[in-house]
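>>> the following block contains a protein sequence and its predicted model.
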Amino acid sequence: MNKILKKRKPADNVVELTLEAKDVVRNAQAGQFIILRVDEEGERVPFTICDYDKQNGSLTLLIQIVGYTTERLAQLNEGDYIHDLVGPLGNPTDLSHADSILLVGGGIGTAVIYPQSKQLKAQGKTVDVILGARDKSLLMYEDEFRKNCGNVYIMTDNGSKGEKGFVTDKLKQLIEKGQRYDVVFAVGPLVMMKAVCDVTRDYGIETIVSMNSIMVDGTGMCGCCRLTVDGKTKYACVDGPEFDGHKVDFAEALARSRIYVEQEKKHRCRIRG
Ligand SMILES: Cc1cc2nc3c(=O)[nH]c(=O)nc-3n(C[C@H](O)[C@H](O)[C@H](O)COP(=O)(O)OP(=O)(O)OC[C@H]3O[C@@H](n4cnc5c(N)ncnc54)[C@H](O)[C@@H]3O)c2cc1C
Ligand code: FES
């Protein structure tokens, strides 16, 4: 059982939960994730380790409410418990070969790029970030990114904050103005990550993406998170979750992400009555 120490609402439809998880944070690193169950019968659901405090043994998750389990998590309050949590899972990020990095985050992708920004700053790297959202009410952690990044570019689809347009518009503009990055690290919806890769491929800029495939066991046994990368079968949970974006078969990943849409809709109705 893991106790909820703090609950916050950083954006529309998103909750931030800080949980007691001493054993998990002891070895946690940026890029890794956990799998939790809300109760004994709950499905196993993966979330990125957005932040952690090794001293007090706490772990922070940023959760976008999209279906049954995330809605149940959002209903919990400080002092409540979740049934269990395993991790850290997956491989930590390794950007040791890069000196200048551009982070690109769309929506809940913030949960992955925020710990990167913190770690890269501590390593003395040059880091800029493009944050994208449909509307300003969906932007998260802007102040936190300003502490860790040299430049923070905000893009909203409707122009309610920052510049109007997509993250890829800003990306193209920066590259065309002569800004050079060793690596672009993009995390967000599959379509966004694919669009970023389509831009950077033309300029030959290495691009890393974090794949949020459907997962069950998180140990490479069930095969749910299967992807094709560079023509080879990979499992996001044990081989990733980060991959060279130019080698990911996004068409297959998109098709696999939609496999359970009907079942997920029915399941969510259970909580809404
Ligand atoms: C490595 C990894 C890290 C993730 N980190 C975060 C995070 O930090 N914050 C966040 O809000 N979300 C994160 N996700 C996505 C999150 O796991 C899903 O949103 C969650 O499982 C939805 O469950 P649900 O019951 O609320 O919704 P459902 O109605 O079950 O599904 C809604 C959406 O979530 C996807 N999904 C459902 N079950 C799973 C599953 N077991 N694994 C992965 N995706 C699933 C579905 O494809 C669908 O698009 C991450 C996923 C992965 C694989
Ligand atoms: S989640 Fe089962 S193989 Fe990756």
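Here it is on my side, so go on. Residues are numbered from 1 along each chain as shown. Ligands and ions are numbered 1, 2, ... in the order given.

>>> who in the stretch 101-250 of the chain is up against ligand 2?
Residues of the stretch 101-250 of the chain lying near ligand 2 by C-beta under 6 Å from any ligand atom: Met215, Val216, Asp217, Gly218, Gly220, Met221, Cys222, Gly223, Cys224, Cys225, Tyr235, Cys237. From N, CA and C alone the C-beta is placed, and that goes for glycine too.

>>> pretty sure the second one sits against Cys224.
So the one you mean is Val216. Yes: the criterion here is C-beta atoms under 8 Å, and Val216 meets it with Cys224 at 4.7 Å.

>>> burial of Ala30, as a residue count?
For Ala30, the neighbour count with other C-beta atoms under 10 Å is 22.

>>> on the pLDDT front, check the residue in the stretch 51-200 of the chain that ligand 1 sits nearest to for me.
Across the stretch 51-200 of the chain, the shortest distance to ligand 1 (C-beta to the nearest ligand atom) belongs to Gly67, at 2.0 Å. What the model reports for Gly67 is a pLDDT of 89.

>>> and it, how many neighbours?
By the criterion of other C-beta under 10 Å, Gly67 has 16 neighbours.

>>> give me the phi and psi for it.
Backbone geometry at Gly67, expressed as degrees, to the nearest 10, gives phi -170, psi -160.

>>> so how far is Asn13 from it?
Going from Gly67 to Asn13 by C-beta to C-beta, to the nearest Å gives 12 Å.

>>> what does the stretch 51-200 of the chain put close to ligand 1?
Leu62, Ile63, Gln64, Val66, Gly67, Tyr68, Thr69, Thr70, Ile108, Ala111.

>>> inside strands: which ones of these?
Among those, the members found in strands (DSSP state E) are Leu62, Ile63, Gln64.

>>> the second one is in contact with Phe47, isn't it?
Yes: Ile63 is in contact with Phe47 according to C-beta under 8 Å; the separation is 6.4 Å.

>>> residue ranges with poor pLDDT in the protein?
For the chain, the stretches with pLDDT under 70 are 260-273.

>>> give me the neighbour count for the closest residue to Ser257 other than its chain neighbours.
Of all residues not flanking Ser257 in the chain, Leu190 sits nearest, at 6.3 Å (C-beta to C-beta, 6 or more residues apart in numbering). Burial measure for Leu190: 18 neighbouring residues, criterion other C-beta under 10 Å.

>>> over to His246?
His246: 17 neighbours (other C-beta under 10 Å).

>>> try Pro92
Neighbours of Pro92 (other C-beta under 10 Å): 15.

>>> ok, Lys7 next?
Neighbours of Lys7 using other C-beta under 10 Å come to 17.

>>> doesn't it belong to a strand?
Yes: judged by DSSP: H, G, I helix; E, B strand; the rest coil, Lys7 forms part of a strand.

>>> find the nearest non-adjacent residue to it, please.
Spatial nearest neighbour of Lys7, chain neighbours left out: Glu78 (5.3 Å); criterion: C-beta to C-beta, 6+ apart.

>>> so that neighbour, which state does it fall into?
Here Glu78 is recorded as coil under three-state DSSP.

>>> so what's it up against?
Counting by C-beta atoms under 8 Å, 6 or more residues apart in numbering, Glu78 touches Ile4, Leu5, Lys6, Lys7.

>>> could you pick out the buried ones from those residues?
Ile4, Leu5, Lys7 (16 or more other C-beta atoms under 10 Å).

>>> and the helices in the protein, which stretches?
Assigned by DSSP state H, the helices in the chain fall at 22-25, 68-75, 110-122, 142-148, 167-176, 190-203, 236-239, 250-257, 261-272.

>>> same list (those) but as JSON lines, adding distance to Ser210.
Converted to JSON lines, the helices of the chain look like this (distance: least, C-beta to C-beta, whole Å):
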{"stretch": "helix 22-25", "distance to Ser210": "19"}
{"stretch": "helix 68-75", "distance to Ser210": "18"}
{"stretch": "helix 110-122", "distance to Ser210": "5"}
{"stretch": "helix 142-148", "distance to Ser210": "17"}
{"stretch": "helix 167-176", "distance to Ser210": "15"}
{"stretch": "helix 190-203", "distance to Ser210": "8"}
{"stretch": "helix 236-239", "distance to Ser210": "9"}
{"stretch": "helix 250-257", "distance to Ser210": "12"}
{"stretch": "helix 261-272", "distance to Ser210": "21"}
